[in-house]
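Enquirer: Build me a structure from this.
(chains A, B, C and D)
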There are 2 protein chains.
Amino acid sequence: MNILVVDDDKLVAMSLRMIIEADPDMTVVDVGYSAADAIRLYKKHLPDVLLMDIRMADRTGLSAGAEIREKYPNAKILFLTTFNDDEYIVKALSIGARGYIIKQDFESIIPALKAVQEGQTVFGSDVVGRLPSMIRTEKQESFDREAFGLSDQEAEVMRLVSCGLSNREIADKLCLSEGTVRNYISNILAKLGLRDRTNLAIFYLTGGKPGQAE
Amino acid sequence: MNILVVDDDKLVAMSLRMIIEADPDMTVVDVGYSAADAIRLYKKHLPDVLLMDIRMADRTGLSAGAEIREKYPNAKILFLTTFNDDEYIVKALSIGARGYIIKQDFESIIPALKAVQEGQTVFGSDVVGRLPSMIRTEKQESFDREAFGLSDQEAEVMRLVSCGLSNREIADKLCLSEGTVRNYISNILAKLGLRDRTNLAIFYLTGGKPGQAE
DNA sequence: CCTTTTTTGTGACATTTGTCAATTCCGATT
DNA sequence: AATCGGAATTGACAAATGTCACAAAAAAGG
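Expert: Below you'll find the model as predicted:
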């Protein structure tokens, strides 16, 4: 199993190499010290896993990661981080990183690499602890019908409005007349105390009354 | 390293036991076949990791997991799933599960268990691929001006539209005429390739073109 | 069978919204 | 001063939206 290590702190990079090569199944094919190195060396070695610091001097490891993932969509990238910024987590996820772990956890790096090699995605548990709060809880089913007195049909209309459909389109989709859809929307608006379809969509998407900006 | 295995499919449960015990570092301390078993056996053995099917006959593995985590906040629970329902992912995360992997990946179960033991959290990568779309990216400031050619004023109008304000209200707030606001919105819609203010709000809030529902 | 609801539909109407072309205003440039 | 360009405005118009009162139609109960 071939690993490419990239970290702009040479000491850390070397330590990582040591730790990893202590495992008989693993080889560090090369070590880089910058985002530029990462890209160059990845191309050169095509390692099984790229283990890279997420923030480095020249530019963020993220953008290097993004570039690599673009060229090699199957690239497995495991990010290392000193402190864990929420911001990075999301970005790392969205470029398809295979993991995000804290540097300090030496012992966990090997298992993490192996899990990644097997196609898993790995996070330090304090990292993942933050995720729930970042997830937009798809509680649409719950609040529609339950909290307010919305009928099935009304809930469905609300959903479609919030997908950006026009009355005509909603009517066609549900096999209703456009007038009926209009009436439904009027009712929903009344029940929720909202003004128009845009507010309705906002309400649906954010799960709260539109805040009437500062 | 002590594992407790719970799966209501006895065949699967047994297979898991075999696979795990093939590794010299691991011991399966017990095997359960229901959510009730899970709770009972967890208390009895206090294993390092609980490996449990997420949906079982009596009740969902999730609720059992939640109960265990309540009593033992340090419990490490790794869920198994046959198919990966988005819905479960979020719930699993929010009760603090240490992972969520697909049953079929036999080979990945061992590395996953080891990673969990080391304090990591592990996901099948097809599972985690879904996460970015579930995360509410607070990137409102970023994409306005930058990605599209939106002027300051246009960006502000867009923001206000997405707060649910009417043209009149936006005009008042920005000290513009209502007609001007209309023109702004027309321009924004053209630039973003959208149809109406509702779609605009959806775009702003979700950061992507409205998906025209199924 | 006959109410009673619930769902769906209609038409008329006021309002809001989106589009367009033409115009004015203002500062910067030459 | 002349002119150019962007920002703001206006007015006219079509289309979409929201409201309302009321009527069919369908489903539910009795």
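
Enquirer: Name the residues of the host helix or strand of A:Glu154 that come out as buried.
Expert: Counting by DSSP states H and E, the element that carries A:Glu154 is helix A:152-161. Burial within helix A:152-161, assessed by neighbour count using 16 or more other CB atoms under 10 Å in any protein chain shown, is assigned to A:Glu154, A:Ala155, A:Glu156, A:Val157, A:Met158, A:Arg159, A:Leu160, A:Val161. (Each C-beta comes from the backbone N, C-alpha and C, glycine too.)

Enquirer: Kindly report the same for stretch A:4-12.
Expert: Buried residues in stretch A:4-12, defined by neighbour count with 16+ other CB under 10 Å: A:Leu4, A:Val5, A:Val6, A:Asp7, A:Asp8, A:Val12.

Enquirer: how close does the residue nearest the centre of chain A sit to DNA strand C?
Expert: Centrality entry for chain A: nearest residue to the mean C-alpha point is A:Leu93, 3.8 Å, by CA atoms, centre = their mean. Computed with CB to the nearest atom of the strand, to the nearest Å, the distance linking A:Leu93 and DNA strand C is 33 Å.

Enquirer: So that residue: helix, strand or coil?
Expert: Three states are possible here, and by DSSP: H, G, I helix; E, B strand; the rest coil the one that applies to A:Leu93 is helix.

Enquirer: Model confidence score at A:Ile202, please.
Expert: Model confidence at A:Ile202, expressed as pLDDT, equals 90.

Enquirer: so what's it up against?
Expert: Shown in contact with A:Ile202 (CB atoms under 8 Å, 6 or more residues apart in numbering or on different chains): A:Pro210, B:Ser162, B:Cys163, B:Gly164, B:Ala201, B:Leu205.

Enquirer: Any chance you could list what contacts the strand or helix carrying A:Phe79?
Expert: When elements are defined using DSSP H and E, A:Phe79 is found to belong to strand A:77-81. For strand A:77-81, the surrounding residues in contact (CB under 8 Å, 6+ apart) are A:7, A:49-55, A:61-62, A:65, A:68-69, A:88, A:92, A:96-103, A:112-113, A:116, A:122.

Enquirer: Take those and keep only those in strands.
Expert: Those of these mapping onto strands are A:Val49, A:Leu50, A:Leu51, A:Met52, A:Asp53, A:Gly99, A:Tyr100, A:Ile101, A:Ile102, A:Val122, per DSSP state E.

Enquirer: In chain A, where's the longest helix?
Expert: What stands out as the longest helix in chain A, according to DSSP state H, is helix A:178-192.

Enquirer: And the contacts of that one?
Expert: Under the contact criterion CB under 8 Å, 6+ apart, helix A:178-192 has outside partners A:148-150, A:153-154, A:157-158, A:161, A:167-168, A:170-171, A:174, A:176, A:194-197, A:199-200, A:203.

Enquirer: does any part of stretch A:97-117 sit near chain B?
Expert: Yes: for a cut-off given as CB under 8 Å from any CB of the partner chain, stretch A:97-117 has contacts with chain B, namely A:Arg98, A:Gly99, A:Ile101, A:Asp105, A:Glu107, A:Ser108, A:Pro111, A:Ala112, A:Lys114, A:Ala115, A:Gln117.

Enquirer: Next one: the residue of chain A found nearest DNA strand C from chain B, what distance?
Expert: Per CB to the nearest atom of the strand, the residue of chain A with the smallest distance to DNA strand C is A:Gly179, at 2.5 Å. Separation of A:Gly179 from chain B (CB to the nearest CB, to the nearest Å): 19 Å.

Enquirer: Need the per-residue pLDDT for that residue.
Expert: Model confidence at A:Gly179, expressed as pLDDT, equals 91.

Enquirer: now A:Tyr42
Expert: We have a pLDDT of 95 for A:Tyr42.

Enquirer: Repeat that for A:Lys173.
Expert: With respect to pLDDT, A:Lys173 has a value of 89.

Enquirer: Against B:Gln153, how distant is the closest residue to it other than its chain neighbours?
Expert: Nearest residue to A:Lys173, sequence neighbours excluded (CB to CB, 6 or more residues apart in numbering or on different chains): A:Leu160, at 6.4 Å. Between A:Leu160 and B:Gln153 the computed distance is 32 Å (CB to CB, to the nearest Å).

Enquirer: same thing with A:Ala75?
Expert: The span separating A:Ala75 from B:Gln153 equals 41 Å under the rule CB to CB.

Enquirer: now A:Val29
Expert: In this view, A:Val29 and B:Gln153 are 52 Å apart by CB to CB.

Enquirer: Report the separation between A:Val5 and DNA strand D.
Expert: 48 Å.

Enquirer: typed the wrong thing, it's A:Gly124
Expert: Counting by CB to the nearest atom of the strand, the gap from A:Gly124 to DNA strand D is 46 Å.

Enquirer: A:Lys43 too?
Expert: 42 Å.

Enquirer: Also A:Ile89?
Expert: 37 Å.

Enquirer: Quick check, that residue in contact with A:Tyr100.
Expert: Yes: taking contact to mean CB atoms under 8 Å, the distance of 6.0 Å between A:Ile89 and A:Tyr100 places them in contact.

Enquirer: Distance to B:Ile20 and pLDDT for the residues of stretch A:97-117 next to chain B - can I get that in a markdown table?
Expert: Rendered in a markdown table, the data for the residues of stretch A:97-117 next to chain B read as follows (distance: CB to CB, whole Å; pLDDT from 0 to 100):
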| residue | distance to B:Ile20 | pLDDT |
| --- | --- | --- |
| A:Arg98 | 23 | 88 |
| A:Gly99 | 23 | 85 |
| A:Ile101 | 24 | 84 |
| A:Asp105 | 23 | 75 |
| A:Glu107 | 20 | 80 |
| A:Ser108 | 20 | 82 |
| A:Pro111 | 15 | 87 |
| A:Ala112 | 19 | 89 |
| A:Lys114 | 15 | 89 |
| A:Ala115 | 15 | 88 |
| A:Gln117 | 19 | 88 |
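
Enquirer: quick one: which of the residues you listed is nearest DNA strand D?
Expert: Ranking the residues of stretch A:97-117 next to chain B by separation from DNA strand D, with CB to the nearest atom of the strand as the measure, puts A:Arg98 on top at 42.6 Å.

Enquirer: what sits against that closest one?
Expert: Each residue near A:Arg98 by CB under 8 Å, 6+ apart is listed here: A:Val49, A:Lys76, A:Ile77, A:Leu78, A:Val116, A:Gln120, A:Thr121, A:Val122, B:Ser125.

Enquirer: again, only using 10 Å
Expert: Residues counted as contacts of A:Arg98 (CB atoms under 10 Å, 6 or more residues apart in numbering or on different chains) are A:49-50, A:75-79, A:92, A:112-113, A:115-117, A:119-123, B:123, B:125, B:128.
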